[in-house]
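J.: Generate a structure from the sequence data that follows.
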Amino acid sequence: METTQYIWFDGKMVPWADAQVHVLTHALHYGSAVFEGVRAYACSDGTSAVFRLQDHAKRLLNSAKIMRLEVPHTAEQIADGIIETLKANKMPAAYIRPLSFVGYGEMGVYPGNNPVHTIIAVWPWGAYLGPEALEKGIRIKTSSFARSHVNTTMSKAKAAGNYVNSILAKIEAKEDGYDEAIMLDTNGFVSEATGENVFIVRDGIVKTTPWTSILGGITRDSLMKLAADLGYTVLEQQFTRDEFYIADEAFFTGTAAELTPIRELDHRQIGAGHRGPVTKHLQEEFFKIVKGENPKYADWLAHYTV
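T.: Numbering: from 1, shown residues only. Alright, predicted model coming up:
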């Protein structure tokens, strides 16, 4: 990966290579960490902006609350730290990774009085699933791994340990020649992908999986509001993978994936086999928003200059 100069570590700017922890750090052994994925975009007016900064900072602390991590920073301090890190690294656009984790101290499942640390790193990152994916779409498969039950690992926390489930599904998909996987919940309904939320379009209606077994995606929420504002009917409703097969269009949303079309699932072509008109419309309008070209959504952008 491409590195930058500084990482924000417990409120101080530390050189990238010096932002280190002990090998017996609790989070390394037990996954006791929560994180966010955030993006900053270069805007058309020459400024830069972090997309839905306050919402990401709030979700980080909500994840920590679920996981019983006592993060010694407020949401406002996290948000300020993100802007500070972008400026220190002179990044007009970037992927941003805040992470709060249980540090070195007592060993064992119980974190006890181990300290909780927070870092913020930024780096350049283009299209997560490849630059061609945003137009041509991707091939995906239904994973053999089910999404964890809501009372096992707490699906509303963006917790590091939860992603073992995603890692297994992603490895399986890549080794089978696919770009990504969708995962079914423990009742057999479509849940989400390894790091993205799922939408399908049929007869002009936009449908996404409900807030049950999924992480409440901030990009997902943005696209639901945007689609409704553009006049589409938007439903949060369970659906099966065979309903997915006969969708006219499908796409993923996520901070890293942004809005990525799906052209094939389980060797079944979705719609015309490329980005459909609804997906294209939503994609174009979404990128106008993040570039500051739609004043209606100005409150979603936290502007800064480098």
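J.: What are the buried residues along the lowest-mean-pLDDT helix or strand in the chain?
T.: The least trusted helix or strand in the chain, going by mean pLDDT, DSSP states H and E, turns out to be helix 133-136, with a mean of 90. Residues of helix 133-136 classed as buried by neighbour count (16 or more other Cβ atoms under 10 Å): 133-134. C-beta here means a position set from N, CA and C on the backbone, and glycine is covered the same way.
J.: What is it packed up against?
T.: strand 258-265 (3 or more Cβ pairs under 8 Å, 6 or more residues apart in numbering; DSSP states H and E).
J.: next one: the strand it packs on to chain centre, how far?
T.: 15 Å (Cα atoms, centre = their mean, to the nearest Å).
J.: How about stretch 162-174?
T.: 15 Å.
J.: Mean confidence (pLDDT) on that stretch, please.
T.: Mean per-residue pLDDT for stretch 162-174: 97.
J.: Not counting sequence-adjacent ones, nearest residue to residue 233?
T.: Excluding its sequence neighbours, the residue lying closest to residue 233 (Cβ to Cβ, 6 or more residues apart in numbering) is residue 205, at 4.8 Å.
J.: could you list every residue that touches the one you found?
T.: 232-235 (Cβ atoms under 8 Å, 6 or more residues apart in numbering).
J.: Could you give me the ChimeraX syntax to select whichever of these are buried?
T.: Buried residues within those, by 16+ other Cβ under 10 Å, are selected in ChimeraX with:
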select :232,234
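J.: wait, which of the contacts of residue 205 is closest to residue 200?
T.: Among these, residue 235 lies closest to residue 200 (Cβ to Cβ), at 9.9 Å.
J.: My guess is that closest one contacts residue 207. True?
T.: Yes - using Cβ atoms under 8 Å, residue 235 is in contact with residue 207, at 4.7 Å.
J.: And residue 209, its phi and psi?
T.: phi -70, psi 140 (degrees, to the nearest 10).
J.: My read is that it contacts residue 239, right?
T.: Yes - counting by Cβ under 8 Å, residue 209 does reach residue 239; the two are 7.2 Å apart.
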